[in-house]
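J.: next comes the sequence, and after it the predicted model I'd like to discuss.
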Amino acid sequence: MRTVISGPLPDIATRFSRFLRQRCPHDALVIFTRECTGRPRKVAGNRDIVDRVTIEELDEIKQALEPGGVVAGIRSLGGGRRRIWALRDTCDTLLVLVTRPSQTSAPDPEQIAAVFGIVATSIQHQVTQASPDYLAESRAASSERARTIAALTEVHEETLSSILGTLRSNDLDDRRSRITASETASAALIALRSAGAADQALSEEAVTTAFARLQGELRPLLRHREVDVDYVDPPADGRPLPGEVAHAARAMVRAIVLAFGAQPVLARLRIAWDCDGDNVLIEVRDQGPGEIDRTALTRQLSGRLQTLRGQIVIESIAGWGSRVTLTVPLDPPAVRPHEHLLSILNPRELEVLAHLAMGKRNRAIAEELGISQSTIKFHVASVLKKLDVANRGEAGAIGIRAGIVPGSEHPGLLGRN
């Protein structure tokens, strides 16, 4: 189980399927959780099945179960009627196993429930903590899904509208057949638009809902502190937040509150969220000694901010207090030239590229990073090869365009203290 829960979140279904294979043979496994906005379905097994499993099918199975409940039998899944065994965990995550027709013994409900409870809790914790790796994977998956759905919706709408136009034409015979076909096409068009709205609801949180959840998450942190907290609600008509942004925003506010709480005195906090249409704007301030560890807090938040292209400003005045403001874009950044190449550079190569972007020579880079010049030459050669450029100048130009700066492992951290 340690192997199952310790690896990358996108592949947790594959690892869990491998773990269950001897205990419960199956052709396919699906984990369905609305915690993960980018990939609510985590799948493993027969691609002919798992690639065709829909959110609607999983929702139907889930709604038929109470938390902690189990169901076994023939259900619609993956485009056909299949023999399944499903469990809804108490934290509302669904497990579906497509069992084999030849299998005679049923899975042990208590045993599967126990191990799946660990998996479901691990997923929940990873999402709640909103690590940079999770945010990057979720944002990439959300963006790709949105593009795919938009493209398919556009094609299907055009097709259905064309069919409707033809069926409603008075030039055709057989009025009753036209009416029946027209009603069918109209229903399909409505269902298509409803599916798009449902997917959007799955992948977003109302800004007021996200802020209310934050308040619930902060209560345990402040339960034993004599501190007055003033919450300033975001506008009710503010733009909904992508799920990964909402998770990250709450995680970062929790980290800020903990940093404020590390001061010897903390009497009052003010936590405010706003939305300007393009960004979620977060401000946390206190009335305290102004002694927060700004360097440590910036380092702690930098990974998430880098991933989401956010900005941070920290201000502290001794004897007056501190203020931290965050600006997090709601839309994923447009793909910039060569950025896909940067993803194949390791952290040390990104560091070297940042210094190349500043025009530094090998000796200066070696002194800055505390390694030998021969090692720098090795990294420079690797960078040039991976970026498919002929010289340091071309590599540096790519780094400049991507916003690479020294001290960051990823492009785009725009912060100041």
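T.: Thanks, I have the structure now. Computed from a prediction, not measured in an experiment: that's the story for all the values here. Numbers count the residues shown, from 1 in each chain.
J.: which residues touch the helix or strand harbouring residue 269?
T.: Secondary structure here is read from DSSP states H and E; on that basis residue 269 sits in strand 268-275. By Cβ atoms under 8 Å, 6 or more residues apart in numbering, the surrounding residues in contact with strand 268-275 are 207, 210-211, 214, 218, 227-235, 238-239, 241, 249, 253, 257, 260, 280-287, 330. Heads up, the C-betas are built off the backbone N, CA and C, glycines and all.
J.: among these, name the ones in helices.
T.: Secondary structure from DSSP state H places 207, 210-211, 214, 218, 249, 253, 257, 260 of those in helices.
J.: related to what we said a few turns ago, among the contacts of strand 268-275, the buried ones, what's the PyMOL command?
T.: A single PyMOL command suffices to select whichever of the contacts of strand 268-275 are buried according to 16 or more other Cβ atoms under 10 Å:
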select buried, resi 207+210+211+214+218+227+234+238+239+241+249+253+257+260+280+281+282+283+284+285+286+287+330
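J.: list the buried residues for stretch 254-270?
T.: By neighbour count on 16+ other Cβ under 10 Å, the buried set for stretch 254-270 is 254-257, 259-261, 263, 266, 269-270.
J.: show me where the stretch 101-250 of the chain has its helices.
T.: Assignment of helices within the stretch 101-250 of the chain using DSSP state H, counting those that start in this stretch yields the ranges 109-129, 132-167, 175-203, 207-222, 243-261.
J.: ah, wrong one, I meant the stretch 301-417 of the chain
T.: Taking DSSP H, counting those that start in this stretch as the criterion, the stretch 301-417 of the chain carries its helices at 339-342, 347-357, 362-369, 373-387, 392-402.
J.: dump these to JSON lines, plus distance to residue 6.
T.: Converted to JSON lines, those look like this (distance: least, Cβ to Cβ, whole Å):
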{"stretch": "helix 339-342", "distance to residue 6": "27"}
{"stretch": "helix 347-357", "distance to residue 6": "20"}
{"stretch": "helix 362-369", "distance to residue 6": "30"}
{"stretch": "helix 373-387", "distance to residue 6": "28"}
{"stretch": "helix 392-402", "distance to residue 6": "31"}
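J.: among the ones you listed, which comes closest to residue 90?
T.: Comparison of the helices of the stretch 301-417 of the chain against residue 90 by Cβ to Cβ identifies helix 347-357 as nearest, at 38.8 Å.
J.: so which bits of the closest one are buried?
T.: For helix 347-357, the buried set under the neighbour-count rule, 16+ other Cβ under 10 Å, comprises 348-357.
J.: now, which of those sits nearest residue 122?
T.: Using Cβ to Cβ, the buried residues of helix 347-357 come closest to residue 122 at residue 350, 29.0 Å.
J.: that closest one and residue 357 touch, don't they?
T.: No: applying Cβ atoms under 8 Å as the test, residue 350 and residue 357 come out as separate, 10.5 Å apart.
J.: for the stretch 1-150 of the chain, give me the ranges with low pLDDT.
T.: Low-confidence segments of the stretch 1-150 of the chain, defined by pLDDT under 70: 37-38, 103-105, 133-134, 136-137, 139-150.
J.: show me where it has strands.
T.: Counting by DSSP state E, counting those that start in this stretch, the segments of the stretch 1-150 of the chain that form strands are 28-32, 41-45, 70-77, 80-88, 94-98.
J.: can you tell which of those is closest to residue 129?
T.: Counting by Cβ to Cβ, and looking across all of the strands of the stretch 1-150 of the chain, nearest comes strand 41-45 at 17.5 Å.
J.: can you give me the angle the closest one makes with strand 28-32?
T.: Taking axes from the mean of the first three to the mean of the last three Cα atoms, to 10 degrees, one finds that strand 41-45 is oriented at 170 degrees with respect to strand 28-32.
J.: can you list the strands that strand 41-45 pairs with?
T.: According to DSSP bridges, the neighbouring strands of strand 41-45, each with its direction, are strand 28-32 (antiparallel).
J.: now do the contacts for the spatially closest residue to residue 88 that is not a sequence neighbour.
T.: For residue 88, ignoring the flanking residues on the chain, the nearest one in space by Cβ to Cβ, 6 or more residues apart in numbering is residue 65 at 4.0 Å. Shown here is residue 65, whose contacts under the criterion Cβ under 8 Å, 6+ apart are 71, 86-88, 94.
J.: which of those has the most neighbours?
T.: Neighbours here mean other Cβ atoms under 10 Å. Within those, the largest count is held by residue 88, at 25 neighbours.
J.: that older thread, same list, the strands of the stretch 1-150 of the chain, but as a markdown table with distance to residue 372 please.
T.: Written out in a markdown table, the entries for the strands of the stretch 1-150 of the chain read as follows (distance: least, Cβ to Cβ, whole Å):
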| stretch | distance to residue 372 |
| --- | --- |
| strand 28-32 | 47 |
| strand 41-45 | 44 |
| strand 70-77 | 58 |
| strand 80-88 | 55 |
| strand 94-98 | 52 |
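J.: out of those strands, which gets nearest to residue 299?
T.: Set against residue 299 and scored by Cβ to Cβ, the strands of the stretch 1-150 of the chain come closest in strand 41-45, at 30.9 Å.
J.: quick one: that closest one to helix 109-129, angle?
T.: Between the axes of strand 41-45 and helix 109-129, defined by the same axes, to 10 degrees, the angle is 130 degrees.
J.: buried residues in strand 41-45?
T.: Using 16+ other Cβ under 10 Å as the test for burial, strand 41-45 gives 41-45.
J.: got the angle for that strand vs strand 94-98?
T.: Comparing the axes of strand 41-45 and strand 94-98 via the same axes, to 10 degrees yields an angle of 20 degrees.
J.: quick one: the residue nearest in space to the middle of the chain from residue 330, how far?
T.: For the chain, the residue whose C-alpha lies nearest the mean C-alpha position (Cα atoms, centre = their mean) is residue 138; its distance is 2.7 Å. As judged by Cβ to Cβ, to the nearest Å, residue 138 and residue 330 stand 14 Å apart.
J.: can you check residue 278 too?
T.: As defined by Cβ to Cβ, residue 278 lies at a distance of 6 Å from residue 330.
J.: in the stretch 201-350 of the chain, which ranges drop under the pLDDT threshold?
T.: By pLDDT under 70, the weakly predicted segments of the stretch 201-350 of the chain are 201-202, 333-341, 343.
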